[in-house]
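Asks: one predicted model, sequence on top.
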Amino acid sequence: MHSSNAARAAQTVHPVPGFGSDEMERVADQTLKRYTFDGSSVRKLGRGVSIVWFRNDLRILDNEVLFKAWVSSEAVLPVYCVDPRIFGTTHYFGFPKTGALRAQFVIECLTDLKRSLMKRGLNLLIQPGKPEQILPSLAKAFGVHTIYAQKETCSEELNVERRVSENLKKVMLTSPAKLELIWGSTMYHIDDLPFSCTSLPDIYTQFRKSVESKSVIRSCVKVSKGMAFAGGESTALSRVHEYFWKKDLLRTYKVTRNGMLGPDYSTKFSPWLASGSLSPCFVYEEVKRYEKQREENDSTYWVLFELIWRDYFRFLSIKQGNSLFHTGGPRKVQTNWSQNQTLFDAWRDGQTGYPLVDANMKELLATGFMSNRGRQIVCSFLVRDMGIDWRMGAEWFETCLLDYDPCSNYGNWTYGAGVGNDPREDRYFSIPKQAQNYDPDGEFVAYWLPQLRALPKEKRHFPGMLYVKPIVALKFGNTKSTNNWTMGSGSRRTSTEENSKWKRHDRNRMQ
Ligand SMILES: Cc1cc2nc3c(=O)[nH]c(=O)nc-3n(C[C@H](O)[C@H](O)[C@H](O)COP(=O)(O)OP(=O)(O)OC[C@H]3O[C@@H](n4cnc5c(N)ncnc54)[C@H](O)[C@@H]3O)c2cc1C
Ligand SMILES: Nc1ncnc2c1ncn2[C@@H]1O[C@H](COP(=O)(O)OP(=O)(O)OP(=O)(O)O)[C@@H](O)[C@H]1O
């Protein structure tokens, strides 16, 4: 981002959570106190040294990896590897694999984690390099018996896990350290699913109903005072406190969640969930506590409903393997996507001529975040109105999103592109309808495109000559293309799209 843009963005973004550092620390300490016990009920049988390899689980609260390491050894070495591959490029289109904003967010997570660990007499070794090189040599140097880490599911991460194991055997010939991978990251534990991941239902609703009726969400793992961890996830815990308790927004989540502007229409938990600074089981327990103490309604349930989507995409990544990243998706749908660079650049830079799309893309660039509504709109616009290869959009999201997670990102993109596992998904988001329903006064677009603020509200979404010319015509709209781009050049058509009328596409409401 240019520095002038950055300065402008800094003035227009809301801090989430909106707490000062004192309040944040108080909330984090109080929350962790509730999740702390004296350790007397856990027998610490372990001997020797173990490594905790932190990956996407940058927290203390409800961290089973940390807990297992603690009970199974006398000394614990926490390590985070700054893998140079995450600063490489995305697979097909060569975007930066990690955009600057997510890199900054992860640095903040690490700083906080290190600070909390140090408060309690542990340290976090943050080492640049590949895990398969760093971990075996540390394991050898310290005579480590086990490396504990959270299990991942996508091939890049699985390859790293495999290489770590292989190198442990090479480097420690006589008694190699074990790599013990522990499930985490979802609300429903993989071992508690009523089916194996290979027979995961292809329809979300079937998955949800089945886990809701047959599985139980495990209690959070309690941290121990003896182990003396606390507070690394201060901002995450503060945000939960702020959203649920202080601002009392959980009560109305279901009616506000489709908003796009400001910090409070939705929880904004996703960056912390993705980096693992926040446990979804902790969020579940907080929802239950809120329901007991304040109110139980559709909104309180709906946060869990959304978290079950998150779980679903994680489990799907196991079932689908690399087909999740392939152009035809898990259903191997044959489509002639365009990779027209001019169209793609206009989308990426927020220069399409459609303020609703452009404002969302500017928000993504400036903040690393975009609302769920916005993501669905820009995804539909890219794949349906522009006919561009959905993987270009997905890889750009991979670069930019603070909450980037391969399963949720590629899972949602395959759905949006109509190549996901649910054959009923074929969704077109009409820009005029979305604008009318979700930004009727043009407040969102005027926020990110200040030049539109001077216009009357009803003109902000279709400012005509006063704004960038629309780069393509809408498939089901009445806006004329101004650069002679026609449906044939780079657009894709499927018979279902041609036949479908605009319908309400809120996936969640449809089910
Ligand atoms: C094209 C596209 C790409 C996406 N990429 C990602 C991604 O890389 N990482 C990511 O975490 N989410 C992704 N999402 C899902 C969703 O947009 C974000 O999780 C949500 O906007 C985050 O804001 P929030 O925390 O305020 O959500 P809330 O509305 O407050 O929801 C609470 C939590 O539920 C989960 N959740 C909500 N919606 C979804 C969903 N559709 N799929 C999976 N989990 C969901 C998230 O963990 C979220 O934090 C994507 C959605 C689309 C349409
Ligand atoms: N965590 C991840 N984040 C992003 N992409 C991932 C992740 N894990 C795996 N992938 C992607 O999955 C794909 C790997 O699948 P596969 O091994 O079939 O690829 P490939 O043979 O290189 O792909 P293709 O045959 O399509 O060129 C790659 O696109 C890889 O980048």
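Replies: Structure received. Ligands and ions are numbered 1, 2, ... in the order given.
Asks: the helix or strand where Tyr80 lies pairs with which strands?
Replies: Using DSSP states H and E, Tyr80 falls within strand 75-82. Strand 75-82 sits in its sheet next to strand 49-54 (parallel), strand 125-128 (parallel), going by DSSP bridges.
Asks: out of these, which is the most enclosed?
Replies: Of all the strands paired with strand 75-82, strand 49-54 has the most neighbours on average by mean count of other Cβ atoms under 10 Å, namely a mean of 26. C-betas here are computed from N, CA, C, even on glycine.
Asks: quick one: contacts of that one?
Replies: The contact list for strand 49-54 (Cβ atoms under 8 Å, 6 or more residues apart in numbering) reads 65-66, 69, 72-81, 113, 124, 131, 135, 138-139, 142-149, 164, 177.
Asks: can you add mean pLDDT and distance to ligand 1 and give the strands paired with strand 75-82 back as a markdown table?
Replies: As requested, these are exported to a markdown table (pLDDT from 0 to 100; distance: least, Cβ to the nearest ligand atom, whole Å):
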| stretch | mean pLDDT | distance to ligand 1 |
| --- | --- | --- |
| strand 49-54 | 96 | 19 |
| strand 125-128 | 96 | 24 |
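Asks: and these as JSON lines, adding distance to ligand 2?
Replies: Formatted as JSON lines, the strands paired with strand 75-82 follow (distance: least, Cβ to the nearest ligand atom, whole Å):
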{"stretch": "strand 49-54", "distance to ligand 2": "17"}
{"stretch": "strand 125-128", "distance to ligand 2": "20"}
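Asks: adding distance to Lys475, write the ones you listed out as TSV.
Replies: Below are the strands paired with strand 75-82 laid out as TSV (distance: least, Cβ to Cβ, whole Å):
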stretch	distance to Lys475
strand 49-54	45
strand 125-128	47
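Asks: list the buried residues in the helix or strand that the strand holding Tyr80 is followed by.
Replies: Using DSSP H and E, the helix or strand that follows strand 75-82 in sequence is helix 100-119. Along helix 100-119, these residues count as buried under the neighbour rule (16 or more other Cβ atoms under 10 Å): Leu101, Arg102, Ala103, Phe105, Val106, Cys109, Leu110, Asp112, Leu113, Lys114, Ser116, Leu117.
Asks: now the fifth one. Nearest residue, chain neighbours left out?
Replies: Going back to what we said before, that points to Val106. Excluding the flanking residues, the one nearest Val106 by Cβ to Cβ, 6 or more residues apart in numbering is Ser275, at 6.1 Å.
Asks: max-length helix in this protein?
Replies: If you go by DSSP state H, the chain has its longest helix at helix 298-320.
Asks: packing partners for it?
Replies: Here helix 298-320 touches helix 204-214, helix 253-256, helix 280-293, helix 406-416, helix 507-510, going by 3 or more Cβ pairs under 8 Å, 6 or more residues apart in numbering; DSSP states H and E.
Asks: just want the angle from the third one to helix 298-320.
Replies: With axes from the mean of the first three to the mean of the last three Cα atoms, to 10 degrees defining the directions, helix 280-293 sits at 160 degrees from helix 298-320.
Asks: CA atoms of helix 280-293 as CSV?
Replies: What follows is helix 280-293, C-alpha atoms only, in CSV (Å, rounded to 0.1, in the frame of the first residue of the first chain):
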residue,chain,number,x,y,z
PRO,A,280,-13.9,-22.1,19.1
CYS,A,281,-14.8,-24.3,22.1
PHE,A,282,-14.1,-21.3,24.4
VAL,A,283,-16.5,-19.2,22.2
TYR,A,284,-19.1,-22.0,22.5
GLU,A,285,-18.7,-22.0,26.3
GLU,A,286,-19.1,-18.2,26.4
VAL,A,287,-22.3,-18.4,24.3
LYS,A,288,-23.7,-21.0,26.8
ARG,A,289,-22.7,-18.8,29.7
TYR,A,290,-24.4,-15.8,28.1
GLU,A,291,-27.5,-17.8,27.4
LYS,A,292,-27.7,-18.8,31.0
GLN,A,293,-27.0,-15.4,32.4
